[in-house]
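Q: please work out how this folds:
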Amino acid sequence: MAFAPTLKTWLLVLPAVAVLGVAGYRASGHAGSVQTTVGELPASSLAAVDAAVPLPVVPEALARRLAAFERGNALPSGLPLDLRADIEDATDLYAYAQRLRVQADDGNHEARWMLSRVYDYCAQYAIDPGGYRLDNNVLAGLGLTAAPAMVQARERVAQRCGGFVPGDKLGSALVLAERRKAAAQGNLAAEASLFAEGEPLQDSPEYRRDLVERVRTSRDPEAFMAIAPGMGVRAAGDRALNGLVAGEQLSELAWRLAACELGLPCGADSVLVNSFCANGGICSQDGTQDFRDFVYDAAVSRQGAGKMKQWIKRLVGTRDGQ
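A: Predicted coordinates for the structure are as follows:
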């Protein structure tokens, strides 16, 4: 998915994520965006799995009620005029998704795009909530220095996505279906995400260049972030994108950082940072570090920083170049 972690080519992935190949990552279809090489699980980890008490299987209706109880009595906010806001702040993303669904079914393509983002964010948890929590226990018991950050990120996902259950069938197929509908209705971010995922609405050089230019001139941070995975090394050799910020290892990062410059929430507690850590093991050891600082700290050399800043300036500049 467009917001799923794809940065493992330039960052050191948390070693503990390998555990999830054995104890978790049951969402094999959705987890395709995080391709982790799994080695043998340490004996201590296997012992932790054996010692864990399996969570009981309960009917979906009861599971939803229990999840709501666990999240506490905080009432979710009403759907704001800015449909994008609650994905960052809502404590109950299931309730948020239900409100989005009503508007999406009434033809609101922005609501449908945000619905696809909620599904993308919550999918790994929703496919097997009990296994997801068990994985957290295993990670916490490994004693690795980097593990606490990932466990904390995953626990936040579980808390916010607790209303979803396996029967909701979250995963890549559902996310793509929602994004195709949103794109067909005219949502630029959804259209950009389909391009980035190799499922463009059209597959001609003229379309690809026009889409990238439309995203750039839109100054829509959601569209910038959505198209980013398709603008890195995947775009290498595509003549349609000649002269654009595309085709190099750090091009993807330039689009992502430009999205942050244009207003996408990129703070230490943002969905963006949380998703990279929880779903991909790409975690900063400084819990106060926002996405921009993390990128420059972990992924961009001093020699490359100047080029990156020039790229970002090109991307966020006004149409007349100022």
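
Q: now the longest helix belonging to the chain, how far from the chain's geometric center?
A: The single longest helix within the chain, with elements called by DSSP state H, is helix 109-127. Computed by C-alpha atoms, centre = their mean, to the nearest Å, the chain-centroid distance of helix 109-127 equals 10 Å.

Q: equivalent analysis for stretch 209-228, please.
A: A distance of 17 Å separates the centroid of the chain from that of stretch 209-228, by C-alpha atoms, centre = their mean.

Q: how long is that stretch from one end to the other?
A: Distance between the two ends of stretch 209-228: 14 Å, counting by C-alpha to C-alpha, to the nearest Å.

Q: now that stretch: average pLDDT?
A: Mean per-residue pLDDT for stretch 209-228: 97.

Q: show me what counts as buried in that stretch.
A: Buried residues in stretch 209-228, counting neighbours by 16 or more other C-beta atoms under 10 Å, are found at 209, 211-212, 215-216, 219-228. Yep, even glycine has a C-beta here, placed from its N, CA and C like the rest.

Q: from those residues, which land in helices?
A: Among the buried residues of stretch 209-228, the members falling in helices (DSSP H) are 209, 211-212, 215-216, 221-227.

Q: before we move on, the earlier item: and the longest helix of the chain, C-alpha only, in CSV?
A: Provided in CSV are the C-alpha atoms of helix 109-127 (Å, rounded to 0.1, in the frame of the first residue of the first chain):
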residue,chain,number,x,y,z
HIS,A,109,-14.4,10.1,-2.6
GLU,A,110,-12.4,11.9,0.1
ALA,A,111,-14.1,9.8,2.8
ARG,A,112,-13.5,6.7,0.8
TRP,A,113,-9.8,7.5,0.4
MET,A,114,-9.5,8.1,4.2
LEU,A,115,-11.4,4.8,4.8
SER,A,116,-8.8,3.0,2.7
ARG,A,117,-6.1,4.6,4.9
VAL,A,118,-7.7,3.3,8.1
TYR,A,119,-8.0,-0.2,6.6
ASP,A,120,-4.4,-0.1,5.6
TYR,A,121,-3.2,1.1,9.0
CYS,A,122,-5.3,-1.5,11.0
ALA,A,123,-5.0,-4.5,8.7
GLN,A,124,-2.1,-6.4,10.3
TYR,A,125,-3.9,-6.1,13.7
ALA,A,126,-7.4,-6.9,12.4
ILE,A,127,-6.5,-10.2,10.7
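
Q: report all helices and strands that that helix contacts.
A: helix 86-89, helix 93-105, helix 147-160, helix 172-184, helix 188-196, helix 271-280 (3 or more C-beta pairs under 8 Å, 6 or more residues apart in numbering; DSSP states H and E).

Q: go with 6 Å
A: Where contact means 3 or more C-beta pairs under 6 Å, 6 or more residues apart in numbering; DSSP states H and E, helix 109-127 is packed against helix 93-105, helix 172-184.

Q: save those helices as CSV, and put in mean pLDDT and distance to G267 too.
A: Shown next, in CSV, are these (pLDDT from 0 to 100; distance: least, C-beta to C-beta, whole Å):
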stretch, mean pLDDT, distance to G267
helix 93-105, 96, 18
helix 172-184, 97, 24
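
Q: and the ones you listed as CSV, adding distance to E155 and mean neighbour count?
A: Output for the helices and strands packed on helix 109-127, formatted as CSV (distance: least, C-beta to C-beta, whole Å; neighbours: other C-beta atoms under 10 Å):
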stretch, distance to E155, mean neighbour count
helix 93-105, 14, 20
helix 172-184, 23, 20
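
Q: just put these in CSV and tack on distance to L194.
A: Compiled in CSV, the helices and strands packed on helix 109-127 are given as follows (distance: least, C-beta to C-beta, whole Å):
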stretch, distance to L194
helix 93-105, 17
helix 172-184, 6
